[in-house]
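S.K.: I need the structure of the sequence given here:
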Amino acid sequence: MKKVELLAPAGDLEKLETALRFGADAVYLGTERFGLRALAGNFDLGQLRQARDLCRAQGKKLYLTLNAWLRPQEFPDLAALLEELRPLDFDAYIVGDPGVLATVRQVDAARPLHLSTQANTTNAQGVNFWAAAGVARVNLARELRLEEIRAIRAATACELEVFVHGALCVAYSGRCLLSAALTGREANRGLCAHPCRWRYALMEETRPGEYFPVEEDERGTYVFNSRDLCLVEHLPELVAAGVDSLKIEGRMKSVYYVAAVTRVYRAALDRCLADPRGFALDPEWRAELDKVSHRPYGTGFLFGGEGAGVHAADSAYVRACDFVGVVREEGESLVVQGRNRFLPGETLEIIGPAMRTAAFCVNEIRSLEGDSLPAGQPNRLVRLTLPEGTQAGDLLRRPVKSLGDTDQI
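M.R.: This next block holds a predicted model:
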């Protein structure tokens, strides 16, 4: 079968390194301006050079998001940025605004262009229009069904990309005005405050100050949020439909999310490409995806029907694990950099690429100088006895006692 790309998010340099290590073929990232994740870590020019060098050294692709919708006064700054970016030789820019596309063509005519899902391309005629304008790849609208993707593939030559995992917006192709209306932070300019995930109550006009919670009853409830997308078991259908790139959402998510999700989709895609007819969902993959913070999973609009709707309680995040730490190199030994507090006697899991997982008991926590410590603390480097085969870049986690936590780990 043809090579199909696994595309992972990189909100900062650490997440980029993690995505590459855990199996991504390509990563997408943003600068401090002109992308749709202005509140992610993002990259300055020096970090962009580091990112480019890391990807080149590993034979991976690097895509830069310039997919915000610009105002007239911003185009001189965009042109200046493109001049600075040109020597970095990115594999592609991701754009949505036709004005941005035209500016890239003026300043950096040879740069490959990918079209953002925000352009809400839903048909072959649209794909071919963008291809004629110089777009090499189109990220199709998330509203499309599988048979529609097949039809678009049959009538186009342009590369096609689809999202396979992560958060979905309730707005059409993610072009939402709710955040701008409530907070002044415009989602289409990278500043979404995610008000669709807030808790709401109702107030009846003649009863000012008397609030009624929005609760579920036998008839259901009204909520803003959607289920998270999870298509891991449907990769063979997408590959057979002719999709060229499978994209994971999550530049605002944690290093742990990037690692856990990327390694699952790496394993699933490899198995799919090796034996598409014999492909079957490995229960370990779904169990692993349950261990990151997520809303209830669904298949979005891929198969239509009830799965495409909004469901009761979908606004609540759940997770099965806490992210505890990262394994680092310290001289010739391995140490752990804490991300959450952990204690001696706790059972932790360590995860690495290729679905490598090992459980172990924390017998003792020591400082770098060798002193015994009562706990591991966030950001502190400590020494532990780690399982055999542990490598720098592996992550530590522990089961949580209660689901329903809203931290996005």
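
S.K.: drop to CA atoms for contacts and neighbour counts, all remaining ones
M.R.: Fine.

S.K.: quick one: low-confidence ranges for the chain?
M.R.: Within the chain, the stretches with pLDDT under 70 are 1, 36-41, 170, 172-175, 177, 181, 188-189, 212-225, 305-316, 401-409.

S.K.: so where's the longest helix in it?
M.R.: Longest helix of the chain, by residue count under DSSP state H: helix 255-274.

S.K.: CA atoms only: put it into PDB for me.
M.R.: Extracted C-alpha coordinates of helix 255-274, given in PDB (Å, rounded to 0.1, in the frame of the first residue of the first chain):
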ATOM      1  CA  VAL A 255       3.600  16.200  26.200                       C
ATOM      2  CA  TYR A 256       1.900  13.100  27.700                       C
ATOM      3  CA  TYR A 257      -1.100  13.500  25.400                       C
ATOM      4  CA  VAL A 258       1.200  13.800  22.400                       C
ATOM      5  CA  ALA A 259       3.200  10.800  23.300                       C
ATOM      6  CA  ALA A 260       0.300   8.500  24.300                       C
ATOM      7  CA  VAL A 261      -1.900   9.300  21.300                       C
ATOM      8  CA  THR A 262       0.900   9.300  18.700                       C
ATOM      9  CA  ARG A 263       2.300   5.900  19.700                       C
ATOM     10  CA  VAL A 264      -1.200   4.400  19.500                       C
ATOM     11  CA  TYR A 265      -1.900   5.700  16.000                       C
ATOM     12  CA  ARG A 266       1.700   4.700  14.900                       C
ATOM     13  CA  ALA A 267       1.000   1.200  16.000                       C
ATOM     14  CA  ALA A 268      -2.400   1.100  14.400                       C
ATOM     15  CA  LEU A 269      -1.300   2.700  11.100                       C
ATOM     16  CA  ASP A 270       1.700   0.300  10.800                       C
ATOM     17  CA  ARG A 271      -0.600  -2.700  11.300                       C
ATOM     18  CA  CYS A 272      -3.100  -1.300   8.800                       C
ATOM     19  CA  LEU A 273      -0.500  -0.700   6.100                       C
ATOM     20  CA  ALA A 274       1.100  -4.100   6.700                       C
END
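
S.K.: next secondary structure after that helix?
M.R.: helix 283-289 (DSSP states H and E).

S.K.: helices or strands up against the longest helix of the chain?
M.R.: strand 5-9, helix 13-21, helix 235-240, helix 283-289 (3 or more C-alpha pairs under 8 Å, 6 or more residues apart in numbering; DSSP states H and E).

S.K.: what angle do the shortest one and helix 255-274 make?
M.R.: What it means is strand 5-9. 170 degrees (axes from the mean of the first three to the mean of the last three C-alpha atoms, to 10 degrees).

S.K.: now find how far off-centre strand 5-9 is within its chain.
M.R.: Centroid separation for strand 5-9 versus its chain: 9 Å, with C-alpha atoms, centre = their mean, to the nearest Å.

S.K.: picking that back up, among the helices and strands packed on helix 255-274, which comes closest to residue 226?
M.R.: helix 283-289 (17.3 Å; C-alpha to C-alpha).

S.K.: what's that closest one packed up against?
M.R.: Applying 3+ C-alpha pairs under 8 Å, 6+ apart, we find helix 283-289 packed against helix 255-274.

S.K.: could you give the angle of the helix it packs on to helix 13-21?
M.R.: Using the same axes, to 10 degrees: helix 255-274 against helix 13-21 is 20 degrees.

S.K.: count of neighbours near residue 280?
M.R.: 14 (other C-alpha atoms under 10 Å).

S.K.: again with residue 226
M.R.: Counted with other C-alpha under 10 Å, residue 226 comes out at 26.

S.K.: find the nearest non-adjacent residue to residue 169, please.
M.R.: Spatial nearest neighbour of residue 169, excluding adjacent residues (C-alpha to C-alpha, 6 or more residues apart in numbering): residue 226 at 6.8 Å.

S.K.: just checking, the one you found is part of a strand?
M.R.: No - counting by DSSP: H, G, I helix; E, B strand; the rest coil, one finds residue 226 to be coil, located in no strand.

S.K.: so it sits against residue 197, correct?
M.R.: No - under the criterion of C-alpha atoms under 8 Å, residue 226 is not in contact with residue 197, lying 9.3 Å apart.

S.K.: now stretch 326-338: buried residues?
M.R.: Neighbour-count burial for stretch 326-338, counted by 16 or more other C-alpha atoms under 10 Å, picks out 326-328, 334-338.
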